[in-house]
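Peer 1: Quick one: sequence and predicted model below, then my questions.
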Amino acid sequence: MSLPAWLKDAVFYEIYPQSFYDSNADGIGDLEGIIQKLGYVKSLGCNALWINPCFESPFMDAGYDVSDYKKIAPRYGANEDAKRLFEEAHKRGMKVLFDLVPGHTSDRHPWFRQSRKPERNEYSDRYIWTPNVFLYPEHYRWVSGVQDRDGNYMVNFFSSQPALNYGFEQRDEFWQLSPEDPACVSTLEAMKDVMRFWMDMGCDGFRVDMAASLVKNDPERTGIKRLWRNVREMFDRDYPENVLLSEWGDPEQSIDAGFHLDFYLHFESRGYNALFRDGNELSAGLSCYFSKEGRGDVTVFTKEYERRRAAARGRGYICLPTGNHDMVRLARRRTMAERKVAEAFILLMPTIPFIYYGDEIGLPYREGLVSKEGGFYRTGSRTPMQWTKGKNRGFSAADGELYLPVDPDPASPDAETQAGEEGSLLGFVKRLIALRHREEELQAGDNFEVLYAEKGKYPFIFRRGKFVVAVNPSGENAEAPLEGNYKEVLSVNAAARAEGGIVSVPAVSLTLFCAE
Ligand code: GLC
Ligand code: CA
């Protein structure tokens, strides 16, 4: 199994297409808008994109409910625009990953329209049905009695998202098909055909939605691993430079299953929340490590990370996102100084960094918005990118309503203002990414050694080759032992001092040292 060389120096940028840039003043972002802003993304130093689903859809789940896998949703443009996006990105040395939703379709997808018919047809077993409406096996979710076919269909997420049939690894009921059943094989072949369609057009791979969930009743994960290894073979054989990135959150499983990349996520990973999100839902405030409250425990992360790192070593990479379209934004309940420290840390880790659009300027989480397209609490993390101080914050020239409102607060951040500001978050993000590109030792890989990480204590210190990072997200100055002589390369908010075997790290700061 080969690992494309470009991944080592990859810095990803996640784009939620609805909210990035509206090129034709209809109030919603589009592919042409992304093309027009490629120069901006490139200027950050990002060299790869992940674009949330942009396929035809009734948008009951923001496009994660696909009704045509091979067609760009008209509100975003046409397939020609996708082709141009790939070309324009490649001209700039950038890669583009699309979002593949293989686990379920929209209930409006033509396959499902056929499948729900009482007469048996080619698509009857493309989805998971019980043999009659009165059969309700527990521990799965079913929709019942809304069509003439006698049976309930399984859903993966919302009721409008029927689960595609990749079979059951362990079968307790006669109607559960084996993953090797021709109907299940044809589901997978249909999905491989979709992947080929976009990759032949220039797409560089996929972020795979709910990647672990395809084969049902698979406690040992043997069925799901067989499935993805089959897909990986296609990549290695026909698309060796392209990549598969899983929304799985468990690299010990996913890398083994054949994924090149897997995420740290706000679910499935104690470590991610322990660093960045714990306490977010409570009025008591943040209890994660990256907070000036100073109540976090970094060892929850380091212990988990060491295990995962060992599992991925030489076979794949782990990705550490600043956030994504499913979590509350990093900016929530953090000052700009705290955001800088958290993002600098992410950019200095040996994981592959993913910047969620807007996090590079500290775009806020918008409290209390009415749910949009199945967003619910996630809606507040999906508001338009803020480009300028001008009309609609530069997102759109529309006079009418936008996909979601921009922040009415005039002090809310925007890219243009921060580009002209000494010491802005945007400025740090650019500097750190540039440094990462320049210094191989700061790129993704295995060179990482924890020098100081103690339960419930600050700072956190780690080595990457000749570099040492000392980070103290808490609101109190902190000290730790550090042998050797170092000079400062760069500091965020305030500089740490290393002297006489001790490093003193000011409150809410990060310093990057280099061995003398
Ligand atoms: C993934 C997506 C999320 C979507 C869900 C169902 O978790 O990231 O946005 O709602 O899958 O497809
Ligand atoms: Ca538009």
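Peer 2: Happy to help now that I have it. Ligands and ions are numbered 1, 2, ... in the order given.
Peer 1: And the protein, what are its domain boundaries?
Peer 2: 5-103+183-440, 104-165, 449-515 (automatic domain parsing).
Peer 1: what residues does stretch 37-48 touch?
Peer 2: 6, 9-13, 20-21, 49, 88-89, 92-97, 204, 355, 360, 415, 426, 429-430, 433-434, 436-437 (C-beta atoms under 8 Å, 6 or more residues apart in numbering). Bear in mind the C-beta positions are built from the backbone N, C-alpha and C, glycine included.
Peer 1: what do you get if the cut-off is 7 Å, keeping everything else the same?
Peer 2: 10-13, 20-21, 49, 88-89, 92-95, 97, 355, 360, 415, 429-430, 433-434, 437 (C-beta atoms under 7 Å, 6 or more residues apart in numbering).
Peer 1: cool, stretch 436-446 as well?
Peer 2: 7-11, 45, 309, 313, 317, 347-348, 350-352, 435, 447, 464-467.
Peer 1: can you tell me the average pLDDT over it?
Peer 2: Regarding stretch 436-446, the rounded mean pLDDT is 97.
Peer 1: can you pull the buried residues of that stretch?
Peer 2: 436, 439, 442-445 (16 or more other C-beta atoms under 10 Å).
Peer 1: And for stretch 457-477?
Peer 2: So, applying 16+ other C-beta under 10 Å, buried residues of stretch 457-477: 457-464, 467-474, 477.
Peer 1: Please apply the same query to stretch 85-103.
Peer 2: 85-86, 88-89, 94-103.
Peer 1: can you give me phi and psi for the residue nearest to Arg141 when sequence neighbours are not counted?
Peer 2: Closest residue in space to Arg141, ignoring its immediate chain neighbours: Val155 at 5.1 Å, by C-beta to C-beta, 6 or more residues apart in numbering. Torsion angles at Val155 (phi, psi; degrees, to the nearest 10) stand at phi -120, psi 150.
Peer 1: how close does Val155 get to ligand 1?
Peer 2: Separation of Val155 from ligand 1 (C-beta to the nearest ligand atom, to the nearest Å): 10 Å.
Peer 1: what sits against the spatially most central residue of the chain?
Peer 2: Taking C-alpha atoms, centre = their mean, the centroid of the chain lies closest to Asn324, which sits 5.2 Å from it. Listed by C-beta under 7 Å, 6+ apart, the contact set of Asn324 reads 14, 356.
Peer 1: swap in Pro53?
Peer 2: By C-beta under 7 Å, 6+ apart, the neighbours of Pro53 are 63-64, 66, 99, 101.
Peer 1: roughly how far apart are it and Gly394?
Peer 2: Distance, Pro53 to Gly394, by C-beta to C-beta, to the nearest Å: 25 Å.
Peer 1: Residues touching the longest helix seen in the chain, excluding its own?
Peer 2: Longest helix in the chain, counting residues (DSSP state H): helix 182-201. Identification of contacts with helix 182-201 by C-beta under 7 Å, 6+ apart yields 69-70, 82-83, 86, 98, 100, 102, 125-126, 164-167, 177, 206, 227, 231, 234, 239, 242.
Peer 1: are any of those residues buried, and which?
Peer 2: Using 16+ other C-beta under 10 Å as the threshold, 69, 82-83, 86, 98, 100, 102, 125-126, 164-167, 177, 206, 227, 231, 239, 242 are the buried ones among these.
Peer 1: out of those residues, which are inside strands?
Peer 2: 69, 98, 100, 206 (DSSP state E).
Peer 1: out of those residues, who's nearest Ala331?
Peer 2: Phe98 (26.8 Å; C-beta to C-beta).
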